[in-house]
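Novice: Need a 3D model of the sequence below.
(chains A and B)
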Protein chains: 2
Amino acid sequence: MSTTTAGNPDNEGAAAGPASLSVGPVTRAAAEAAPDLADATPGDRARLLAAVADALDAAVDELVPLADEETALGEARLRGEVSRTTGQLRMFADVVTEGSYLEVTIDHARSDSTPPRPDLRRMLHPLGPVGVFAASNFPFAFSVAGGDTASALAAGCPVVVKAHPGHPRLSRLTARIVTAALTDVGAPTGTFGLVEGYETGRDLVLDPHITAVGFTGSAAGGRALSDLAASRPDPIPFYGELGSINPVVITEAAAQRRGGQIAAGLVGSFTLGVGQFCTKPGVVFLPEGTGLEDAIRAATPATGGRMLTTRISTGFADGLRALLATGNVDVVAGAAEQDGADRATSPVVLATDVEAVLAQPDVLLDECFGPTTLLVRYRDAAELAQGLHALPGSLTATVHAEDDEVAELGPIIARLRDTAGRLVFNGWPTGVAVTWSMQHGGTSPATTSSLHTSVGATAIRRFLRPVTYQDSPAALLPEALRDENPWGLLRRINGRLTIPRDPADE
Amino acid sequence: MSTTTAGNPDNEGAAAGPASLSVGPVTRAAAEAAPDLADATPGDRARLLAAVADALDAAVDELVPLADEETALGEARLRGEVSRTTGQLRMFADVVTEGSYLEVTIDHARSDSTPPRPDLRRMLHPLGPVGVFAASNFPFAFSVAGGDTASALAAGCPVVVKAHPGHPRLSRLTARIVTAALTDVGAPTGTFGLVEGYETGRDLVLDPHITAVGFTGSAAGGRALSDLAASRPDPIPFYGELGSINPVVITEAAAQRRGGQIAAGLVGSFTLGVGQFCTKPGVVFLPEGTGLEDAIRAATPATGGRMLTTRISTGFADGLRALLATGNVDVVAGAAEQDGADRATSPVVLATDVEAVLAQPDVLLDECFGPTTLLVRYRDAAELAQGLHALPGSLTATVHAEDDEVAELGPIIARLRDTAGRLVFNGWPTGVAVTWSMQHGGTSPATTSSLHTSVGATAIRRFLRPVTYQDSPAALLPEALRDENPWGLLRRINGRLTIPRDPADE
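Specialist: A predicted model of the protein is given here:
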């Protein structure tokens, strides 16, 4: 076994029975794997990631029906999500091969400095075993073999996943596939492990072998675990991607000139995946009296879908109830009184105004996870500015405006930039491309660490720390730091970046 | 006034009276300065840093005598430290001008992707006002205008310094000089502020305008403030550089072949600045029976110097007492029983063995701040490995070995790499060069954030967060992200790094 799903490692019934409720054996195995995984060459680590991707792709016909059974997200969406997940693993293989993520920096010795400067060589090394909390809403892309797992493995860190209880059988099947692929490619024993259970999750965060945690989930759960990570004798980084209201601002000109298009786009975005995206547009600032509300009402479908779990659907119903209880919310479309029974929901559009938002920001600007959005009517630019000032941190912020308004948008963009990690122009936030430039993070309370991202190439940086070698004998230097640059890395030498010659340029 | 030292902003007696005990007005001014400072061009920001450096250099004859009066560190050392401090400010001006710290990354839109990929452009933006806790032991380089201040200003973040009570008058004078320089160069009002007082420091960490904290000081104080930062409704990053024992390993061959040189180097390093360096070698693993102990005894001077404060000198005496109280420590050189009265101390060399260290690691491997080091005798490689396994995290780790031993050092280096941020070969850790490659940080408990450094060019990364612009109109993009690349930045475009042509190459 190259990996660990303690409790039932080789059991035929493993796909049905739970993984370990005890983290100790799993994290110990991860700690034992850590040195070998850290020392693996870029090629070995890229092969490991590609092997996991290939194995998941090969099992798509087994994975997707099981995922649909547990999550009700539908086959088309789930097939797309498997592709996204395996594409992500392969992107991190590219990141590892390209190698500049290592931030190799070399300063040669200088005897003419005061005091004389030694030879200094700096690079990033993996932290060690990483705990990953799987999310419910993306059973592939943010779950067992999702972005946190892919970026941690790419960094050279063993991974212990705490499965989400919303899709336990899929989690176990995915773990088995990952395990087998890692074994086949010769990854160190303990490179990957799966655990289950609420208390097990708390144990994972406190486990002395765990050096960092990636988490995607609710604000309350994330905050509790983040506090736990900070309470350790040796506090560890906790990368929590929590709830987000993802504000949208629509200017008067945009509402007037393309209200129908905006209405259709908004409805498509807030109902996508039954409203279960962390980037769902949850609050929309729109100008009074443009007819945009009518267009949104007309575009909103009457019927919805099944949510991921009963807990989530009843939570959605409770959220709607809390909004209505303010007494300052109109129902624009849909049935606002729902009970969430049998995971059923339907889309709801609510509306309020800036004055009400300023009076009760904690309720009206709180995330309501599910297919709903809150329109906030504003009278003029001054009132819009007041409303934006009340916004909490979000993953994204979106602006719909016309080209001839660009000159007036500066203060709005500046304000939104202070709260969000991604600014979307004339589009919708629910698509999150997995690229070099993606930023999936924002400011508190949307994330616990605004300095990093959980999606995109730079997500790898979360699991690395710098080490500098001073006057090291060449034979004791990691290969990345040797003069001959055997891995052909981009390096900063004596302050100047040097890109190795690309054979394609010859 | 471009800056704030609330309480006595324009008062003639400002150099004598304390700065504000109330952080509110100072952090509010910092928050007001933040947008303008964030939007300043690289040239403006570089000029600001250079202006502060020039002003401090011009005032060196006023600064150094005051510093010596308060810290007793001596004129030569303090003049050198002013140079280091102003050199550091100028290095960050270079970092800002060079610009690759912005991590500009551009992915062009691709309509052929599934789903179609939008135009995505990512860069780092300043977090906002930063709180800086000055250290006692470097009254310039880690104090009011030290590394945390320089790197935060370089990032585009206003700074509020909490002065160290060990050198209050120097802190106020430095703040006045920084203030005047920033005013002259047209920096936004509120760019820099100074506060004083223990409770004020706690208020600073909890202040809603403060977005990150840099701290250099004791483990206990740092942990308390770190916990406070984590307890906020919006937890903020706390970059604490705390105590460190900085282990040294000496091989038998090194001890035999150059024992005298090693002894002289060790004594020079652990007594430097009266042992008040965070990189002081605090524990030295040395082979039994090589005579190295005798050489160290012979090299240790009988007389010492004055420490920074009475609190520190009595703390040193207490630390020695705790080590002796284990009953497992021999006095190799110096007087181990001291009282720390009138800040007076003298160098002390103690010795123990691996068995004792394993029995009481919490006492024997705890930092004793001051001119002492603990020799740990080992019998063979196996015992050395056991001793190294007990090490807590440190800023540095040092190895003295001979060239023909390189093949056997792998496991030792691997172990030390897991605990420290900088590995020193055949040298001493107390020199910390301010360069692109420096890493001043390690693992817990030496630092609260092992992912970053407090010294060297990359210290700027602590105060920046990524923001991605999706399909932004060109006119709304920050200049760094525009196609025409007006600042001539290194950028990653569609996954490939592109260095702008250097005119020097033409």
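Novice: Can you pull the residues of the stretch 101-250 of chain A lying near chain B?
Specialist: Contact residues, the stretch 101-250 of chain A versus chain B (Cβ under 8 Å from any Cβ of the partner chain): A:103, A:105-107, A:113-115, A:117-118, A:120-122, A:125, A:127-128, A:226-227, A:230, A:233-237. Any C-beta I mention is one placed from the backbone N, CA and C, and that applies to glycine too.
Novice: Got a ChimeraX select line for the buried ones in these?
Specialist: The buried residues among these can be selected in ChimeraX (16 or more other Cβ atoms under 10 Å in any protein chain shown) with this line:
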select /A:103,105,106,107,117,118,120,121,122,125,127,128,226,227,230,235,236,237
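Novice: Which of the residues of the stretch 101-250 of chain A next to chain B fall in helices?
Specialist: A:226-227, A:230 (DSSP state H).
Novice: And those, which is closest to A:Ala351?
Specialist: For these, the residue nearest A:Ala351 by Cβ to Cβ is A:Ser226; the value is 33.8 Å.
Novice: Now do the strands in the stretch 251-400 of chain A.
Specialist: Secondary structure of the stretch 251-400 of chain A by DSSP state E, counting those that start in this stretch: the strands cover A:283-287, A:330-333, A:348-353, A:372-378, A:396-400.
Novice: out of these, which comes closest to chain B?
Specialist: strand A:396-400 (8.4 Å; Cβ to the nearest Cβ).
Novice: which strands and helices sit next to the helix or strand following that closest one?
Specialist: Remark: after strand A:396-400, the chain's next helix or strand is helix A:410-419, criterion DSSP states H and E. Contact here means 3 or more Cβ pairs under 8 Å, 6 or more residues apart in numbering or on different chains; DSSP states H and E; on that basis helix A:410-419 packs against strand A:247-250, helix A:381-389, strand A:396-400, strand A:422-425.
Novice: which stretch among these comes nearest B:Arg172?
Specialist: Using Cβ to Cβ, those put helix A:381-389 closest to B:Arg172, at 35.4 Å.
Novice: which residues does the residue sitting furthest away from the middle of chain A contact?
Specialist: Residue farthest from the centre of chain A, counting by Cα atoms, centre = their mean, is A:Asp112 at 48.1 Å. With contact set as Cβ atoms under 8 Å, 6 or more residues apart in numbering or on different chains, A:Asp112 has no partners.
Novice: Kindly provide the distance from it to chain B.
Specialist: 13 Å (Cβ to the nearest Cβ, to the nearest Å).
Novice: Now do the phi/psi pair for that residue.
Specialist: phi -90, psi 0 (degrees, to the nearest 10).
Novice: For it, report the pLDDT, please.
Specialist: Confidence at A:Asp112, expressed as pLDDT, is 87.
Novice: again, but for A:Leu497
Specialist: For A:Leu497, the predicted pLDDT is 89.
Novice: got it, and A:Arg172?
Specialist: 98.
Novice: That one: what secondary structure?
Specialist: Secondary structure, DSSP: H, G, I helix; E, B strand; the rest coil: A:Arg172 is helix.
Novice: List the contacts of stretch A:414-424.
Specialist: A:246-247, A:249, A:385, A:388-389, A:391-399, A:413, A:429, A:438-443, A:446-447, A:450, A:453, B:35, B:118, B:125, B:128, B:465-472.
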